[in-house]
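Enquirer: Structure, please.
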Amino acid sequence: MRIAFPALLRRFPGVALADPYEQVDFRVFSLVYCVHTLRVTW
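Expert: Modelled structure (predicted):
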């Protein structure tokens, strides 16, 4: 992930969150801390 995300953002510099950060739904009671979905715009 440390390599993939920066590479993705370099390749697609216009990628942005579609929803405000405060509305991103995180999985806090899971083996891995992550988001349920992450909507983006181009």
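Enquirer: When you work out contacts or count neighbours from here on, use the C-alpha atoms and nothing else.
Expert: OK.
Enquirer: which residues touch stretch 1-21?
Expert: 38-42 (CA atoms under 8 Å, 6 or more residues apart in numbering).
Enquirer: Of the residues you listed - the most surrounded one?
Expert: Within these, most neighbours by other CA atoms under 10 Å means L38, with 13 neighbours.
Enquirer: Let me see the ranges of the helices in this structure.
Expert: In the chain, the helices defined using DSSP state H lie at 4-11.
Enquirer: mind checking the end-to-end distance for stretch 11-25?
Expert: Stretch 11-25 has its terminal residues 26 Å apart, counting by CA to CA, to the nearest Å.
Enquirer: Same check on stretch 30-39?
Expert: Length of stretch 30-39, first residue to last, CA to CA: 20 Å.
Enquirer: Please apply the same query to stretch 2-20.
Expert: Note: stretch 2-20 ends 23 Å apart using CA to CA.
Enquirer: Then stretch 15-29?
Expert: 28 Å.
Enquirer: quick one: R10 and H36, what's the gap?
Expert: R10 sits 24 Å away from H36, going by CA to CA.
Enquirer: ignore the last one, P6
Expert: 21 Å.
Enquirer: All the strands of the chain, residue numbers only.
Expert: Remark: strands assigned in the chain by DSSP state E are 16-17, 26-27, 34-35, 40-41.
Enquirer: how about those strands in a markdown table, adding mean pLDDT and distance to M1?
Expert: Shown next, in a markdown table, are the strands of the chain (pLDDT from 0 to 100; distance: least, CA to CA, whole Å):
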| stretch | mean pLDDT | distance to M1 |
| --- | --- | --- |
| strand 16-17 | 92 | 17 |
| strand 26-27 | 86 | 17 |
| strand 34-35 | 84 | 12 |
| strand 40-41 | 92 | 17 |
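Enquirer: Redo these as TSV? Include distance to R2.
Expert: As requested, the strands of the chain are exported to TSV (distance: least, CA to CA, whole Å):
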stretch	distance to R2
strand 16-17	18
strand 26-27	19
strand 34-35	15
strand 40-41	19
